[in-house]
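Trainee: Give me a model of this one.
(one chain, ligands or ions: 2)
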Amino acid sequence: MTPEYKDLLIRLLTIQADCEIGGPHIYVDHWTLRAPTVDDQWRVARIASEEIDHCRKMLRLLNLIEVDRSDILERPRSKREVDAFKEDMPTWADFAAFGFLIDKVGEYQLDEMVGSTFAPIDDTLPIILREEKGHVAYGEQQLQKLIDSGTDGKTQAQAAISKWVRHRTRHVRQVGLGAHRALSRVGLEEAHERGGAPAVHRGDGAQDHRARPRRTGPAAGQEVPLADDSA
Ligand SMILES: [Fe+2]
Ligand SMILES: [Fe+2]
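Mentor: Numbering: from 1, shown residues only. Ligands and ions are numbered 1, 2, ... in the order given. Now for the predicted structure:
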C-alpha cells in the first residue's frame with residue numbers, strides 16, 4: 001500500500017465514519033422520544049442504531065490499517081466534514097426530508113465503494129446499503145404522510161425539502177463523489193508502475209499483486225455444504 005493510496009483511503013473512510021455518526025448527533029436527543037407515534041419512535045431509535053453501527057464498521061476498517069479515528073465520536077457538530085450534519089432538525093418534516101435526501105447521498109457514497117481495491121470494504125457493504133435504502137424509504141413515506149395530512153403538513157414538508165435539497169447539493173460537492181474511483185485509479189497507477197495487474201489491498205496493509213478476485217458460489221456440480229444443526 002503506497003502512502004498516497006493509504007492517505008486517500010484514510011480520508012475516505014474517515015469522511016464516511018463522520019457522516020454516519022453525524023446524523024444521530026442531530027436527531028437522537030430531540031426525536032427519539034418525540035416522533036409522532038410509538039412506531040416512529042422505535043424507527044428513529046433503530047435508524048440511529050444502524051447509523052452508529054455503520055460508523056463502527058468504518059472505524060474498524062480504519063483499524064485494519066492501524067489507524068484510530070475514534071476522535072470523530074467526540075467531534076463537535078460545528079466541525080463535521082459535511083455542512084448537512086451541522087444543522088438543526090426542528091420539525092418532523094426535517095427528519096423525514098433528511099432521510100429522503102441526505103441518506104440518499106450516503107447511499108451514493110456507499111455505492112461507489114462496491115468493488116473497492118481495498119477488499120475488506122466489500123464485507124461491510126451489503127447490510128449497510130440495505131439499511132440506507134430503508135432510511136431513504138422511511139423518509140419518503142413520512143414526507144408523503146405529511147403532504148397527505150393537509151395544508152400545514154404540506155407547507156412543512158415543502159420547507160424541509162427546500163432546506164435539505166440545498167444541503168444535498170452541497171453535500172455532494174463536499175464529499176467529492178468520485179473519490180473511490182480516484183482510489184481505484186491510484187491502485188491502477190501502482191499496478192502500472194509495477195507492470196502488473198491491480199493490487200487487492202488486504203486489511204493488514206499488505207497486497208496481493210493480482211486482479212481482484214470475483215466472489216462466486218460453489219462451482220457447478222460441487223456439493224453445497226448444509227448448515228450445521230448441531231450448534
Ligand atoms: Fe448510514
Ligand atoms: Fe442512513
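
Trainee: in the protein, what residue is nearest ligand 1?
Mentor: Closest approach between the chain and ligand 1, counting by Cβ to the ion: His54, at 3.8 Å. The C-beta positions use only the backbone N, C-alpha and C, and glycine is treated the same way.

Trainee: Let's verify that residue: helix, strand, or coil?
Mentor: Under DSSP: H, G, I helix; E, B strand; the rest coil, His54 falls in the helix class.

Trainee: Give the helix, strand or coil label for the closest residue to it other than its chain neighbours.
Mentor: Excluding its sequence neighbours, the residue lying closest to His54 (Cβ to Cβ, 6 or more residues apart in numbering) is Glu20, at 4.0 Å. Secondary structure, three-state DSSP: Glu20 is helix.

Trainee: Glu20: neighbouring residues, count only.
Mentor: The number of residues packed near Glu20 is 26, by other Cβ atoms under 10 Å.

Trainee: mind checking how far it is from Asp103?
Mentor: Using Cβ to Cβ, to the nearest Å, we find Glu20 at a distance of 10 Å from Asp103.

Trainee: Please apply the same query to Arg34.
Mentor: With distances taken as Cβ to Cβ, Arg34 is found 20 Å from Asp103.

Trainee: which of these two has more neighbours?
Mentor: Using other Cβ under 10 Å, the more surrounded residue of Arg34 and Asp103 is Asp103, with 22 against 13.

Trainee: got the contact list for that one?
Mentor: Asp103 makes contacts with Gly23, Glu132, His135, Val136, Gly139, as judged by Cβ atoms under 8 Å, 6 or more residues apart in numbering.

Trainee: wait, which of these is closest to Ala84?
Mentor: Gly23 (8.8 Å; Cβ to Cβ).

Trainee: where does the chain come near ligand 2, residue by residue?
Mentor: Residues of the chain lying close to ligand 2 by Cβ under 5 Å from the ion are Asp103, Glu132, His135.

Trainee: Which helix or strand contains the last one?
Mentor: Okay, so that is His135. Using DSSP states H and E, His135 falls within helix 120-148.
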